[in-house]
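In: quick one: sequence and predicted model below, then my questions.
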Amino acid sequence: MEKDNKKKAGPVVSVVLSTYNRPQYLHQAVASILRQSYRDLQVIVVNDGGVNVSEIVNSFRDPRLMLINRKENMGKAYSLNEALNRADGRYVAYLDDDDLYYPHHIETLVHALEYETDCEVAYSDFYKTYCRILSDGSRQVLSKVVEVSRDFDRFLMLHFNHVLHVCLMHRRDLIEKTGPYNDQLNILIDWDMTRRLAFFSDFYHIPEITGEYYHPMGDSDRISVQRRKDKQEYQRNVLTIRTTTPPKPWKKIQDTSIILASRRLNKRMGETIGAIWRYTFVPYKLYLPLPESDVHWLNTDMPNLICEPVSPFSSLAQSVDTILERCEDEYIAIVPNGFPVQEFWIECALHALINGSPDDPGFELKESTDRLWGAVVRRNVLRSARKTFPHLPVRDSLRASGAALRQPEFKELPFQFDNLLREAKSEEQDGNWLEAARMYERIGERYHNELWMTRLAAKAFFKAGAYEKATRLSRNVNQQHPTVDTLLLEAKIKSQEEDLNSAIELLKTAEHILSGSDGSVNHSLASAQTSAFKRLQEGYS
């Protein structure tokens with residue numbers, strides 16, 4: 001019996017591409033999708049009311065390719081939803097019309113989701129490709145840099161997007177849980193969806209470069225970049241995203257109930273509500289215990305706000321007890337009127353509670369004092385304390401029940417990786433390259449993202465004159481996942497050591513990546529890049 005050596009078909013992947021008035025780049029983007037080593041694709045191109053691109057799309061004569069050629073500009077979110085309504089794949093991937101995949105991109109992500117992880121979302125790394133826009137509209141590649149290569153951090157995702165949409169693939173049925181793209185947003189559309197995906201799944205990071213996104217030197221013409229310049233509109237989009245949550249139940253995130261303890265509605269309370277809206281990035285419901293006479297005076301568009309009528313003669317503790325009967329969330333925040341709500345005001349305590357021991361009853365809020373005391377507490381702990389000691393103020397009832405609250409320690413705070421990374425960058429700016437290099441190594445050892453940190457450490461050691469260490473680190477990277485910057489760095493060191501043959505081989509590999517000689521980049525760019533390579537080679541020799 002002959003063995004069947006045919007490769008079995010895998011799940012269909014729907015690749016979605018929205019385009020608007022960039023026909024000069026569209027051909028290259030679509031070609032990079034159709035060149036994928038993984039063949040079971042459905043490619044949906046949506047022309048969002050831009051110049052007619054039918055000729056470009058039809059020129060491929062590929063049955064896997066579908067064009068939605070809409071004449072009216074409705075925005076990227078509308079276009080993505082339109083494409084998703086036509087998507088048949090088990091998985092969905094995305095590409096912008098001026099970026100590109102390397103041939104193994106889809107196969108890498110499908111293999112990960114099918115065989116390597118239980119996550120329903122996976123992402124890889126992309127080069128940030130700096131380019132010069134020439135007079136004919138073509139792009140001259142100047143450099144390719146892995147700017148970010150970090151593992152998934154759900155808490156950071158709630159605050160800020162750290163996963164590029166073009167790097168990402170997810171199960172299509174997750175859209176049934178997240179809901180569609182929000183077409184009321186005109187910026188940060190990708191983050192809005194990525195953030196909602198994080199409510200239902202962890203993200204699996206593959207530290208392998210599988211494509212590139214372009215960034216013109218100087219001012220970028222990307223709509224997402226241009227619209228960031230309107231700070232008021234940008235802030236509106238951010239607040240909309242942070243206060244929008246998908247329908248429950250959620251698998252990976254829980255709401256926090258915030259009880260704003262105040263006897264009456266006043267200007268100070270309004271300012272506290274506004275600050276909570278502006279600065280809170282974790283999902284929450286804000287409860288206001290107010291006398292019925294005050295409820296109708298409350299005029300705000302703030303979402304997730306719930307007014308609960310209480311007697312005007314109730315104490316603050318009694319008002320909290322009234323709300324507590326309604327709260328079903330595991331974490332309850334008690335906030336006094338006038339509390340100094342600032343950035344990360346609740347997230348530090350909440351992060352410590354979520355990631356700490358199950359025996360931790362809760363933590364005091366950042367900026368909490370004896371006069372304005374606030375805390376995040378486990379619901380069962382707070383309810384037990386209030387039932388046992390209902391005659392005491394909330395803080396005293398917790399103490400009487402044995403629930404000793406404290407401020408989080410430094411090691412319990414969120415974003416330590418990012419804080420240390422900023423410190424290392426600051427050392428670089430001050431010229432303290434050796435200290436920066438050592439910090440990058442320590443960060444990698446303690447907080448992972450080792451490949452990214454090794455790249456940064458190698459560069460810093462080189463700048464500090466520690467060539468032996470820089471060589472070892474850059475070689476480690478180049479043996480795993482070589483990048484243009486680490487190849488050039490090792491070549492510089494080899495040149496200084498007068499090992500010119502090794503330097504030239506490293507430069508050739510870097511040129512291979514820059515010129516896209518694997519077919520991943522338009523070859524019309526190759527001549528300009530090759531000239532740049534020759535100048536580099538002459539300089540090193």
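Out: Nice, thanks for sending it over.
In: Asn47 should be in a strand, yeah?
Out: Yes. Applying DSSP: H, G, I helix; E, B strand; the rest coil, one finds Asn47 inside a strand.
In: let's verify the closest residue to it other than its chain neighbours: helix, strand, or coil?
Out: With sequence-adjacent residues excluded and distances taken as CB to CB, 6 or more residues apart in numbering, Asn47 is closest to Asn69, at 4.8 Å. Backbone N, C-alpha and C define where each C-beta goes, glycine included. Asn69 carries the three-state label strand when classified by three-state DSSP.
In: quick one, what contacts Asn69?
Out: Each residue near Asn69 by CB atoms under 8 Å, 6 or more residues apart in numbering is listed here: 47, 52-54.
In: among the residues you listed, which one sits closest to Gly465?
Out: Val53 (52.2 Å; CB to CB).
In: what is the burial count for the closest one?
Out: Residues near Val53, counting by other CB atoms under 10 Å, number 21.
In: contact partners for it?
Out: So Val53 contacts 19, 23, 26, 45, 47, 67, 69 (CB under 8 Å, 6+ apart).
In: could you check the pLDDT of it?
Out: Note on Val53: pLDDT of 96.
In: what of Asp221?
Out: pLDDT recorded at Asp221 is 60.
In: same check on Pro291?
Out: In this model, Pro291 carries a pLDDT of 87.
In: equivalent analysis for Asn304, please.
Out: Looking at Asn304, its pLDDT reads 87.
In: who's in contact with it?
Out: By CB under 8 Å, 6+ apart, the neighbours of Asn304 are 243, 284-286.
In: list the ones among those residues that fall in strands.
Out: Of the contacts of Asn304, the ones assigned to strands by DSSP state E are 284-286.
In: among those residues, which ones are buried?
Out: For the ones in strands among the contacts of Asn304, a burial check counting by 16 or more other CB atoms under 10 Å picks out 284-286.
In: nearest to Pro361 among the contacts of Asn304?
Out: When the contacts of Asn304 are compared for distance to Pro361 (CB to CB), Tyr284 wins out at 19.6 Å.
In: bridging residues for the closest residue in space to that closest one that isn't next to it in sequence?
Out: Of all residues not flanking Tyr284 in the chain, Thr256 sits nearest, at 4.6 Å (CB to CB, 6+ apart). Taking DSSP bridges as the rule, Thr256 bridges to Tyr284, Tyr331.
In: burial count for Thr256?
Out: Neighbour count for Thr256, taken as other CB under 10 Å: 23.
In: returning to what we had before: so which of the contacts of Val53 comes closest to Asp136?
Out: Closest to Asp136, out of all of those and judged by CB to CB, is Pro23, at 13.2 Å.
In: quick check: pLDDT value at that closest one.
Out: Pro23 carries a pLDDT value of 93.
In: my read: it touches Val51, true?
Out: Yes. With contact defined as CB atoms under 8 Å, Pro23 and Val51 form a contacting pair (5.7 Å).
In: so between these two, which is more surrounded?
Out: A count of neighbours by other CB under 10 Å puts Pro23 above the other of Pro23 and Val51, at 16 against 12.
In: would you mind confirming that Lys494 is in contact with Leu506?
Out: Yes. Using CB under 8 Å, Lys494 is in contact with Leu506, at 6.5 Å.
In: out of those two, which sits in the more crowded spot?
Out: Counted by other CB under 10 Å, Lys494 and Leu506 do not tie: Leu506 has more neighbours, with 26 against 21.
In: for that one, helix, strand, or coil?
Out: What three-state DSSP gives for Leu506 is helix.
In: what distance do you get for the closest residue to it other than its chain neighbours to Phe461?
Out: With CB to CB, 6+ apart as the criterion, Leu506 has its nearest non-adjacent residue at 3.9 Å, and that residue is Ala491. To Phe461, Ala491 is 16 Å away according to CB to CB, to the nearest Å.
In: one step back: which members of the contacts of Val53 are classed as buried?
Out: Taking 16+ other CB under 10 Å as the criterion, what is buried in these is 19, 23, 26, 45, 47, 67.
In: now the two most distant members of these.
Out: So, the buried ones among the contacts of Val53 by CB to CB: farthest apart are Pro23 and Leu67, at 12.8 Å.
In: just the local confidence number for Asn5, please.
Out: We have a pLDDT of 40 for Asn5.
In: oh, I was asking about Leu451
Out: Taking Leu451 on its own, its pLDDT is 87.
In: how close does Glu347 sit to Pro408?
Out: According to CB to CB, Glu347 and Pro408 sit 10 Å apart.
In: the helix or strand hosting Arg399: what's the following helix or strand?
Out: According to DSSP states H and E, Arg399 maps onto helix 394-400. Next helix or strand after helix 394-400 toward the C-terminus (DSSP H and E): helix 416-429.
In: give me the mean pLDDT for that next one.
Out: For helix 416-429, the per-residue pLDDT averages 94.
In: buried ones in stretch 12-29?
Out: Going by 16+ other CB under 10 Å, stretch 12-29 has these buried residues: 12-23, 25-29.
In: actually, stretch 70-85.
Out: So, applying 16+ other CB under 10 Å, buried residues of stretch 70-85: 75-84.
In: and the helices in the stretch 351-500 of the chain?
Out: For the stretch 351-500 of the chain, helices defined by DSSP state H, counting those that start in this stretch occupy the ranges 379-388, 394-400, 416-429, 433-447, 450-463, 467-480, 484-496, 500-515.
In: just want the angle from the fifth one to helix 467-480.
Out: Which is helix 450-463. Put simply, helix 450-463 runs at 150 degrees to helix 467-480, going by axes from the mean of the first three to the mean of the last three CA atoms, to 10 degrees.
In: ok, and for helix 450-463, which residues are buried?
Out: 450-463.
In: what are the contacting residues of it?
Out: 146, 148-150, 207, 424, 428, 433-434, 436-438, 440-441, 443-444, 467, 469-470, 473-474, 476-477, 480-481, 483, 485-486, 489, 492-493.
In: using CSV, list the CA coordinates for that helix.
Out: Provided in CSV are the C-alpha atoms of helix 450-463 (Å, rounded to 0.1, in the frame of the first residue of the first chain):
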residue,chain,number,x,y,z
GLU,A,450,14.4,37.7,26.3
LEU,A,451,14.9,38.0,22.6
TRP,A,452,13.9,41.6,22.5
MET,A,453,16.0,42.5,25.6
THR,A,454,19.0,40.6,24.2
ARG,A,455,18.9,42.8,21.1
LEU,A,456,18.8,45.9,23.1
ALA,A,457,21.5,44.7,25.5
ALA,A,458,23.8,43.8,22.5
LYS,A,459,23.5,47.3,21.1
ALA,A,460,24.1,48.9,24.5
PHE,A,461,27.2,46.8,25.2
PHE,A,462,28.5,47.8,21.8
LYS,A,463,28.0,51.5,22.5
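In: and it, how far out from the chain's middle?
Out: Taking CA atoms, centre = their mean, to the nearest Å, one finds the center of helix 450-463 at 23 Å from the center of the full chain.
In: could you do stretch 385-399 as well?
Out: Centroid separation for stretch 385-399 versus its chain: 41 Å, with CA atoms, centre = their mean.
In: what do you get for stretch 137-145?
Out: Taking CA atoms, centre = their mean, the mean C-alpha location of stretch 137-145 is offset from the chain mean by 25 Å.
In: now do the residue lying closest to Leu34 once chain neighbours are set aside against Ser315, distance only.
Out: Nearest non-adjacent residue to Leu34, counting by CB to CB, 6+ apart: Asp62, 5.5 Å away. Remark: distance between Asp62 and Ser315 (CB to CB) = 71 Å.
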